[in-house]
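> next input, structure requested:
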Amino acid sequence: MDASQRPDRRAPIGILDSGVGGLTVVRAVMDLLPQESIRYVGDTANAPYGPLPDEQIRRLTGSVIESLVLAGCKAIVIACNTAAAAGAHAQAVAQYRVPVLEVITPAARTAARVTRSGRIGVIATVATVDSGAYPRTVAALPGGDELHVVQQACPSFVDFVERGLTSGRQVTGLAQAYLDPLQRAEIDTLILGCTHYPLLVDVLQQVLGPQVTLVSSALETAIDLAAALSDLDLLSPPDAVPEHEFLATGAPGPFTALARRFLGSDVVPIGSQP
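Numbers count the residues shown, from 1 in each chain. Now for the predicted structure:
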């Protein structure tokens, strides 16, 4: 990207998801890059993406990405495992000049690097597990064909997180049931393959024990984003004052309530995305 094509360094980072889960990516970006502005879009009018065919997911995601590019965002993050697994990332990379990142590759790369036994677990939604995106991505890494990936769909976790239930006996019992096959597979690394799941990290670590390393797709994506912006000289100046904007394609009220569970007081009133 030459200087004539480079976006404004003070322009916002565009982050999108089908709902609120991608706000864990927002939180990680805020913590790692506090000087950056963020424009977030939750496609709540069409959520959840999981039951939809891949072609429709790509079309919906593509529409939101186009709106973020037209709004002047200097980089795009597809903060939705389902959309990334459906091929939305490759489609956007081919279409736009701005850097476009997704959440699967960063987590897979880190898990492959930190595993000691070569046995990696993945917990995700049914759609992401069925796509095979994580095993496929791990296998494509250098030495990845020697690693063993075990997946487990955890469909109820999203509902618990969005209800604000991230600890307690009920959540712990559910986690024990979901994680039992992974423990029997003797994994030593677990990828949190849904952006809701970082809010359950304490329960997950308690059930699995300290010998299992948890890899958050949200955190690893933020790290990759920081590296990409640095490489392209797109980091905001250190003295930049960030301005965040949160939009929903559906009714803003319910989204605002959920968003504040993820980000607390950092959430400004949610606007509407046409």
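> for the rest of this, base every contact and every neighbour count on C-alpha atoms.
Will do.
> Three-state assignment for Val98, please.
Using DSSP: H, G, I helix; E, B strand; the rest coil, the three-state assignment for Val98 comes out as coil.
> could you shift the numbering so residue one becomes 345, and keep it that way?
Yes, from this point I'll number from 345; that puts the last item at Val442.
> which residues in the stretch 345-494 of the chain form helices?
367-376, 398-414, 425-429, 432-439, 448-458, 470-475, 477-484 (DSSP state H, counting those that start in this stretch).
> by how many degrees do the fifth one and helix 477-484 diverge?
If you take axes from the mean of the first three to the mean of the last three C-alpha atoms, to 10 degrees, helix 448-458 sits at 50 degrees to helix 477-484.
> so Arg605 makes contact with Gly508?
Yes - using C-alpha atoms under 8 Å, Arg605 is in contact with Gly508, at 6.9 Å.
> neighbour-wise, which of the two wins?
Taking other C-alpha atoms under 10 Å, Arg605 and Gly508 do not tie; Arg605 has more neighbours (17 against 13).
> for the more buried one, list the residues it contacts.
Glu506, Gly508 (C-alpha atoms under 8 Å, 6 or more residues apart in numbering).
> again, only using 7 Å
Going by C-alpha atoms under 7 Å, 6 or more residues apart in numbering, Arg605 touches Gly508.
> in the helix or strand containing it, what's buried?
If you go by DSSP states H and E, Arg605 is part of helix 596-607. Neighbour counts over helix 596-607 (16 or more other C-alpha atoms under 10 Å) mark Pro596, Phe599, Thr600, Leu602, Ala603, Arg604, Arg605, Phe606 as buried.
> contacting residues for Gly416?
Gly416 touches Ala355, counting by C-alpha under 7 Å, 6+ apart.
> one more: the one 3 residues further on?
With contact set as C-alpha under 7 Å, 6+ apart, Ala419 has these partners: Ile357, Gly358, Val442, Pro443, Val444.
> who is it paired with across the strands?
Taking DSSP bridges as the rule, Ala419 bridges to Ile357.
> format the buried residues of helix 596-607 as a markdown table; extra columns: distance to Val494.
Listed next are these as a markdown table, based on distance: C-alpha to C-alpha, whole Å:
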| residue | distance to Val494 |
| --- | --- |
| Pro596 | 37 |
| Phe599 | 33 |
| Thr600 | 35 |
| Leu602 | 31 |
| Ala603 | 31 |
| Arg604 | 33 |
| Arg605 | 30 |
| Phe606 | 28 |
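> report the lowest-confidence entry in the residues you listed.
On pLDDT alone, Arg605 ranks lowest of the buried residues of helix 596-607, at 81.
> what distance do you get for that one to Val515?
With the distance defined as C-alpha to C-alpha, to the nearest Å, Arg605 ends up 17 Å from Val515.
> for Pro351, same thing?
Distance from Pro351 to Val515, by C-alpha to C-alpha: 44 Å.
> next: Leu445.
Distance from Leu445 to Val515, by C-alpha to C-alpha: 31 Å.
> out of those two, which sits in the more crowded spot?
Leu445 (24 against 19).
> mind giving me the domain split of this structure?
The chain breaks down into these domains under automatic domain parsing: 357-447+563-616, 448-561.
> pick out the residue closest to the middle of the chain.
Ala423 (3.6 Å; C-alpha atoms, centre = their mean).
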